[in-house]
Each structure stands twice: as C-alpha cells, then as structure tokens.
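Q: Structure, please.
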Amino acid sequence: MQVMKFGGDAIVSGRDSLDYIEGIQCKAAMIVTSGPYAEQSGQLARVTEHLEKIGAKYCCFDQVEPNPEFDSILKGAEKAEAFQPDWIIGLGGGSALDAAKGIWAFYENPQLKGLEMDRLREKGIIKNLRVKAHLMCIPTTSGTGSEATASVVLSDSKKNRKFSFADVRLIPDVAILPPEMTSSMNGSLTANTGVDALTHAIEAYVSNNATDFTDALAEKAVQMIFQYLPLAYLEPGNLEYREKMQNASCIAGMAFASAGLGIVHTIAHAFGGFFHVSHGLANAVTLPYILEYNKSCDRASRKYQRLEELCGFGDLREAVLKLRKTVNIPNTMKEVVNKDDVFEKDIPAMLIHAFQDRCTPYNPIQPSEKDMERLMKIVYYGEEEKIRKL
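A: The predicted model follows:
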C-alpha cells in the first residue's frame with residue numbers, strides 16, 4: 001500500500017495570486033522571512049496589504065539565517081507564543097519556508113522546546129498541528145519546493161551539520177506562487193535554485209520510493225526546467241518564464257515529498273553543514289557526478305534514458321553540464337570552498353553525517369563508506385583530479 005499526499009488545501013499559481021489571501025479567515029498572522037530583504041524589496045508590503053484589507057493584524061520575524069539555525073526556530077516560536085497568530089506565513093526562499101514550518105511545529109507543541117534536535121525524528125513526537133494556527137508558504141525563489149513538502153531542514157553550526165525531519169502534516173495548508181515575487185532574483189540565485197529544483201525532480205524520479213504518480217510529476221518538472229531555466233536566467237523580467245519556473249519547482253517538490261531524494265542531497269547537506277555552502281549551489285555542483293555514479297544501476301539508467309527521450313537530448317549528464325555552463329554554475333566544490341586541508345581533515349566527520357542523512361536510503365545505489373568518500377572527493381576536486389587524489 002502506498003499513501004501519498006501532494007500539496008495542502010490549495011496551490012495558487014499565476015500573477016496576482018496573492019489576492020487569494022483576501023479570502024482566508026485570519027485574525028493575526030506572523031510572517032517569517034530571512035533577514036530584511038523582504039521588507040527592503042517591497043515583498044513584505046505586497047503581503048501585508050492583503051492582510052490589512054481583511055482586518056488581520058500581523059507581525060514579522062526576520063531572524064532566519066540562509067541556513068536556518070535550530071536556535072532561531074526556538075526564538076521564532078517564542079515570538080509566536082507571545083503574538084498568538086492563527087496563521088503563520090513563510091515568505092522567501094527555502095530557508096524562510098522551512099523556518100516557518102519549524103516555528104509552526106514548536107508553536108503548536110511547546111513541549112518540544114527542551115528537546116535535542118535529533119528527537120524531532122521520533123515518530124509521534126509532533127503531537128499538535130492546526131490547533132492554534134494554519135500555515136501558508138509564499139516562495140520568492142524557484143527551487144526548494146518547500147511550499148509543497150513535509151520536511152524541514154535546519155542547521156546546527158555548533159556541530160557543523162544539517163538536519164532534517166518530516167511529518168506529512170507539515171505540508172503547508174496553502175502555497176501561493178506569484179511569479180512577480182521572483183523577478184528580482186539575481187542571476188546566480190536564479191541558476192542555483194533552478195538546478196536545485198532539477199535535482200529534486202531527477203532524484204525523486206530514480207528514488208527507491210518512486211511511484212507512477214511521482215514519476216509523472218518528476219518528468220513534467222524536468223521538461224519544464226530544461227526549457228525555462230535558461231530563458232528565466234537570460235530574461236529575468238519575463239514573468240511567463242518566472243511563472244513556469246515557480247510551477248516547475250513546486251511540481252518537483254510534490255514529487256520528492258512522496259518519493260524522497262538521494263545522495264546528491266546527502267553530499268550537498270554535508271558541504272552545507274561543514275562549509276556553509278548554500279543548499280541550491282551545493283546540489284547544482286554535485287548533481288552531474290552522482291548521475292554518472294547511479295548509471296551503474298539498471299533501473300536508474302533506464303529512467304535516465306526515459307528523460308533523455310522526453311527532453312530530446314542524447315545524454316542526461318551532458319545536458320545537465322550544458323545547462324550548468326549556460327547559467328554559470330561552478331564545476332567543482334573546490335571553486336566554491338577552496339580549503340583543501342580543511343576538507344581532507346573533515347572527511348571522516350562528513351562521512352558520519354552522510355550515513356545519518358535521511359536522503360541516503362532512497363538513492364538507487366547504496367554506497368559503501370569508501371564509495372561515499374570517493375564521491376565527495378570527486379565533487380570537491382573534479383574529474384580531472386580523480387586519479388591523482390583517490
């Protein structure tokens with residue numbers, strides 16, 4: 001038996017989709033953002049003007065890091081407890097949306113505040129949701145798909161790690177996808193988040209937990225991203241391209257929410273935790289190397305061939321490399337980090353992190369410790385260094 005949930009009560013897409021806010025029942029909303037950009041760019045005002053029209057009061061919590069910290073979630077939950085919102089609204093990229101989910105969980109479950117982060121994975125530990133508030137997510141980037149997923153990714157900089165937990169009830173009640181909110185993204189953010197969404201779709205497609213339903217979503221997302229990401233990158237003000245990328249990102253999120261991910265994310269989480277590389281960039285750098293590794297699995301290889309047929313190109317990995325070149329993404333993690341000695345020293349701890357990562361079991365091939373170390377080094381140094389360094 002397979003039980004799947006694709007999105008919450010409503011996914012609202014297209015221009016002027018923020019108008020949907022005027023139809024909700026809301027007395028008080030807490031808006032979660034990542035730093036002051038939402039206010040400075042006018043994105044926050046676009047949301048609050050609709051809240052004002054329905055007479056809802058609101059407050060903003062903007063103390064969310066690019067890789068949201070567990071401690072920040074606790075601070076946000078304290079603010080929510082003081083304000084008592086009946087809606088929590090995540091506004092921003094994946095960090096803000098994940099933080100909104102985490103704050104919501106702790107606001108609804110104050111008994112969690114004294115727990116270690118790891119215990120959030122325990123079955124049944126999150127007892128209440130939608131008792132005090134509902135959750136709305138408004139992405140302003142096109143990559144994470146967090147507006148349609150049940151997972152939360154947090155950081156613990158004290159222990160150099162990223163951590164995720166999931167509960168199907170954490171899928172937001174409402175996801176709003178206004179393309180005009182993404183038009184201010186710069187080129188690197190458009191590129192990194194776009195290839196992040198592509199990674200979600202491809203990893204969901206070859207996941208050990210993939211189904212006919214998630215395959216249909218993943219195939220559509222892959223086709224859309226290959227078509228529209230270069231266009232959105234080259235013409236950032238074109239709202240049609242922005243809308244297509246937001247939709248593709250959400251569709252990819254729906255796919256991996258049920259199918260799971262793989263070791264592209266495992267390795268990206270390790271580099272994010274130890275070197276604070278942004279999540280989208282880490283995935284974008286890692287993806288081609290894992291495509292090559294997974295090809296030795298017959299099932300994954302056949303599914304890669306299916307994507308090649310659908311998209312009309314000869315080799316999936318080569319197509320990803322061409323796309324990365326078009327949108328100016330680095331080829332290796334060394335180009336991003338460039339700390340060889342630190343990387344070599346941290347490899348044993350990164351390996352522990354990798355085999356504890358909840359994405360690893362869904363990969364079509366289960367790597368040995370030796371394989372995982374080899375892959376991390378290939379991602380860091382690149383193929384040209386493969387023979388010399390390994």
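
Q: Please give me every residue in contact with the residue nearest the centre of the chain.
A: Nearest to the mean C-alpha position of the chain, by Cα atoms, centre = their mean, lies residue 144 at 3.0 Å. Neighbouring residues of residue 144 by Cβ atoms under 8 Å, 6 or more residues apart in numbering: 93, 94, 97, 98, 193, 196, 197, 249, 253, 279, 280. For every residue, glycine as well, the C-beta is placed using N, CA and C.

Q: now the end-to-end length of stretch 319-338.
A: Length of stretch 319-338, first residue to last, Cα to Cα, to the nearest Å: 26 Å.

Q: which residues in the stretch 1-150 of the chain form helices?
A: Secondary structure of the stretch 1-150 of the chain (DSSP state H, counting those that start in this stretch): helices at 37-41, 43-53, 70-83, 94-108.

Q: most packed of those?
A: helix 94-108 (a mean of 29; mean count of other Cβ atoms under 10 Å).

Q: thinking again about what came up before, what's the most distant pair in the contacts of residue 144?
A: Based on Cβ to Cβ, the longest span within those runs between 98 and 197 and measures 15.3 Å.

Q: what about the stretch 151-300 of the chain, any weak spots by pLDDT?
A: Across the stretch 151-300 of the chain, nothing is flagged by pLDDT under 70.

Q: got a list of what residue 277 touches?
A: Applying Cβ under 8 Å, 6+ apart, we find residue 277 in contact with 268, 271, 333, 336, 337.

Q: Of all the helices of the stretch 1-150 of the chain, which one is nearest residue 26?
A: Going by Cβ to Cβ, the one of those nearest residue 26 is helix 43-53, 6.8 Å.

Q: which residues sit against the closest one?
A: Taking Cβ under 8 Å, 6+ apart as the rule, helix 43-53 contacts 18-19, 21-22, 26, 29, 31, 33, 37-39, 57-58, 60, 89, 91-92, 138, 140, 178, 181.

Q: From the residues you listed, keep the buried residues only.
A: Neighbour-count burial (16 or more other Cβ atoms under 10 Å) is assigned, among the contacts of helix 43-53, to 18, 21, 26, 29, 31, 33, 37-38, 58, 60, 89, 91-92, 138, 140, 178, 181.

Q: Filter the residues you listed down to just the ones in strands.
A: Within the buried ones among the contacts of helix 43-53, residues falling in strands by DSSP state E are 29, 31, 58, 60, 89, 91, 92, 138.

Q: So for the third one, what's the nearest residue that isn't a sequence neighbour?
A: With sequence-adjacent residues excluded and distances taken as Cβ to Cβ, 6 or more residues apart in numbering, residue 58 is closest to residue 29, at 4.5 Å.

Q: partners of the one you found in the sheet?
A: Counting by DSSP bridges, residue 29 is bridged to residue 58, residue 87.

Q: Quick one: residues in contact with the longest helix along the chain.
A: For the chain, the helix with the greatest residue count under DSSP state H is helix 212-234. Contacts with helix 212-234, where a contact means Cβ under 8 Å, 6+ apart, come from 4, 6, 142, 187, 190-191, 194-195, 197-198, 200-202, 204-205, 207, 210, 238, 241-242, 244-245, 247-249, 251-252, 254-256, 258-259, 306-307, 310-311, 319, 323, 326-327.

Q: tell me which residues of that helix are tucked away?
A: Buried residues in helix 212-234, counted by 16+ other Cβ under 10 Å: 214-215, 217-226, 228-230, 232-233.
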